[in-house]
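>>> coords please:
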Amino acid sequence: MFSRSTPCSFAPLSVCLTLLTAHAFAQDTRHVEEPKIPASCVQLSAKLQAVKDKVAEADEHKLDTERIQKALDSCKPGMAVELKQMGGNNAFLTGPLDLRSGVTLLIDEGVTLYGSRDAAVYDMVAKPGEEPMTPGLCGTIPKVEPAVFPAPPRAATARGGCRPLLSAVNVKDAAVMGDGVIDGRGYAKLLGKDYSWWEMARKAEPKNEKYYSTRLVVASHADGLILYRITLHNSPNFHVSVGGTNGFTAWGVHLLTPTDRTLDARNTDGIDPGTSTNVTVAHSWIDNGDDNIAVKSGTTHMSVLDNHFYTGHGMSIGSETVGQAYLLVDGLTEDHTSSGIRIKSNVTRGGSVHDLTYRNICMRGVANPIAISPYYTNQTTEGFVDPKYTGDKIPDYKGIVLKDVWSLTPGDVLIAGLNADHMTGIKLDNVIVRDIQPTQVHTAFDMMSFGAGGTNIPFTAEGLVKSKPDAMQPDACKGGFPPMQ
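Residues are numbered from 1 along each chain as shown. Below is the predicted model:
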């Protein structure tokens, strides 16, 4: 039986790496251990009852925002504000909340913190001395602000938008913990509108229009931020965005969007760190409507250890690729993601990416097991030819190592540099894509080398060291692909 307090019980590939023992190999330079839940400074009892994960229409204006925020503001650092059940009541309903330094928001098992579906409560408001915000942007597709891809150097931008459900800004050692759920209700019709957050996002897609949506967790300059054992459901947009932060840990996070598999949840990335260093995502389960993890510009020294990915776009870097370096992905299963190992950019948003190690990775049902591309065109998967965009932000990928990487089903492999001056440097060692055909291999401007394990990928260049087509360790992927937890 799976225990959320013992993450080693679900380690893939018959390997259990705790961060303590794996530290010598990890790219996060911190000494990271499994977080501990602190004692509570206050317990807040639920006043609402959700039935079949739905809040009653009559309760939609009964927000708990004020009492939760007051508790966070007054809690002593090192302690937690605990949300708990009371009788049959199991739900809290809130607008935006601000996390505080040293304070944990603790959500008990059986409790769900729901985001309000009133877009107005998320509308950004100018601080004193700032230029006024454009009112009413949140939850809209403003016609005055079309988006263009690739974006022009200085696209017109309306000032304003949406606050996230949980903000961690200019704080240290804030945390969200517990075995409960945070549900952004991206599926639900916005109050006073005839569409949901997700329907708005999909409506904006054909013309690539700008739209304003809230996110579940946004952190900026939030050193020491921790997400531990929490479940994240149905974010309207990205689930977790972290920027400008030294030290971010997500351990045992369970992320499922959409929970109703008949629905469509566009642009719902899982965990996206950017301009940050010393990042660890470990022992987590991610099933969502976009990149499972997307490493954004300026992120260095990141470890992704013993995780499981399901529906989504895979383990991604980009599409802005400037300064991502020193990444270790070790122990990962990808079950029917659209891509497996994915690096995506183009000449309008690229730059140097280097020192990336991927090992002990098992995939099945992945259409593009390897997609290392300077050809990004804002699509779910990369094309295999240069779209001939113009720009001077050149993607340049170096020092990539793939070791003990297996796809149990065939799929396309793309490994490309932009040109002879920007070759992609990559080493493959025991990299196997079962039953791959020559027509599924796409390369350009590569500097390839091979370890002792070689690869069965049928590259056409002469002199490449390759293993036998059926070569795969007998225990490869043993114990992998458990169902989503």
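>>> When you work out contacts or count neighbours from here on, use the C-alpha atoms and nothing else.
Noted.
>>> Poorly predicted segments of the stretch 101-250 of the chain, please.
Along the stretch 101-250 of the chain, the model assigns pLDDT under 70 to residues 144-149, 151-158.
>>> one more time with 80
143-159 (pLDDT under 80).
>>> would you list every one of the strands in it?
In the stretch 101-250 of the chain, the strands defined using DSSP state E, counting those that start in this stretch lie at 104-107, 112-115, 166-169, 175-177, 181-183, 217-220, 225-228, 231-233, 240-243, 246-251.
>>> next one: the second one to chain centre, how far?
In terms of CA atoms, centre = their mean, to the nearest Å, the gap separating the centre of strand 112-115 from the centre of its chain is 20 Å.
>>> Put together JSON lines for the strands of the stretch 101-250 of the chain, with distance to residue 42 and mean neighbour count on each row.
As requested, those are exported to JSON lines (distance: least, CA to CA, whole Å; neighbours: other CA atoms under 10 Å):
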{"stretch": "strand 104-107", "distance to residue 42": "10", "mean neighbour count": "26"}
{"stretch": "strand 112-115", "distance to residue 42": "17", "mean neighbour count": "25"}
{"stretch": "strand 166-169", "distance to residue 42": "19", "mean neighbour count": "22"}
{"stretch": "strand 175-177", "distance to residue 42": "15", "mean neighbour count": "26"}
{"stretch": "strand 181-183", "distance to residue 42": "19", "mean neighbour count": "24"}
{"stretch": "strand 217-220", "distance to residue 42": "22", "mean neighbour count": "23"}
{"stretch": "strand 225-228", "distance to residue 42": "19", "mean neighbour count": "24"}
{"stretch": "strand 231-233", "distance to residue 42": "22", "mean neighbour count": "24"}
{"stretch": "strand 240-243", "distance to residue 42": "26", "mean neighbour count": "23"}
{"stretch": "strand 246-251", "distance to residue 42": "24", "mean neighbour count": "24"}
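>>> what's the closest of the ones you listed to residue 268?
Nearest of the strands of the stretch 101-250 of the chain to residue 268, taken as CA to CA: strand 240-243 at 9.5 Å.
>>> ok so, going back, export the strands of the stretch 101-250 of the chain to CSV and append columns for distance to residue 343.
Output for the strands of the stretch 101-250 of the chain, formatted as CSV (distance: least, CA to CA, whole Å):
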stretch, distance to residue 343
strand 104-107, 34
strand 112-115, 32
strand 166-169, 28
strand 175-177, 30
strand 181-183, 30
strand 217-220, 23
strand 225-228, 25
strand 231-233, 25
strand 240-243, 18
strand 246-251, 22
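>>> So for residue 420, which of those sits nearest?
strand 240-243 (33.4 Å).
>>> so what strands line up beside that closest one?
Using DSSP bridges, strand 240-243 pairs in its sheet with strand 217-220 (parallel), strand 271-274 (parallel).
>>> Out of the strands of the stretch 101-250 of the chain, which is closest to residue 446?
Among the strands of the stretch 101-250 of the chain, strand 240-243 sits nearest to residue 446 (CA to CA), with 31.7 Å.
>>> how about the CA coordinates for that closest one, as CSV?
Output in CSV follows, covering the C-alpha atoms of strand 240-243 (Å, rounded to 0.1, in the frame of the first residue of the first chain):
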residue,chain,number,x,y,z
VAL,A,240,3.4,26.3,-9.9
SER,A,241,5.6,29.1,-11.2
VAL,A,242,8.7,30.0,-9.2
GLY,A,243,11.1,32.9,-10.1
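>>> outside of that strand, which residues touch it?
Contacts with strand 240-243, where a contact means CA atoms under 8 Å, 6 or more residues apart in numbering, come from 215-221, 269-276.
>>> now do 10 Å
If you take CA atoms under 10 Å, 6 or more residues apart in numbering as the criterion, strand 240-243 is touched by 164, 166-169, 215-223, 225, 227, 232, 248, 250, 268-277, 279, 293-294, 296-299.
>>> mind checking how far stretch 112-121 is from the chain centre?
21 Å.
>>> got the end-to-end distance for that stretch?
End-to-end distance of stretch 112-121 (CA to CA, to the nearest Å): 19 Å.
>>> Who are the contact partners of the closest residue to residue 165 other than its chain neighbours?
Closest residue to residue 165 apart from its sequence neighbours, by CA to CA, 6 or more residues apart in numbering: residue 96 at 4.3 Å. Applying CA under 10 Å, 6+ apart, we find residue 96 in contact with 65-66, 69, 115-116, 121-123, 162-167, 214-217.
>>> make it 7 Å
For residue 96, the contact set (CA atoms under 7 Å, 6 or more residues apart in numbering) comprises 122, 163, 164, 165, 166.
>>> can I assume residue 405 is in contact with residue 429?
No. Taking CA atoms under 7 Å as the definition, residue 405 is not a contact partner of residue 429, at 8.1 Å.
>>> higher neighbour count, the two?
residue 405 (26 against 21; other CA atoms under 10 Å).
>>> distance of that one from residue 308?
Residue 405 is 15 Å from residue 308, by CA to CA.
>>> mind putting the strands paired with strand 240-243 in TSV, distance to residue 304 included?
Formatted as TSV, these follow (distance: least, CA to CA, whole Å):
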stretch	distance to residue 304
strand 217-220	19
strand 271-274	11
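>>> between the ones you listed, which gets nearest to residue 150?
strand 271-274 (20.1 Å).
>>> what's the closest one in contact with?
Identification of contacts with strand 271-274 by CA under 7 Å, 6+ apart yields 239-243, 292-299.
>>> again, but for stretch 252-264
By CA under 7 Å, 6+ apart, the list of residues contacting stretch 252-264 reads 7, 227-235, 265, 282-289.
>>> Give the buried residues for it.
252, 253, 254, 255, 256, 257, 258, 259, 264 (16 or more other CA atoms under 10 Å).
>>> Could I get the pLDDT score of the first one?
pLDDT recorded at residue 252 is 98.
>>> Now do it against residue 285, distance only.
From residue 252 to residue 285 the distance is 7 Å (CA to CA).
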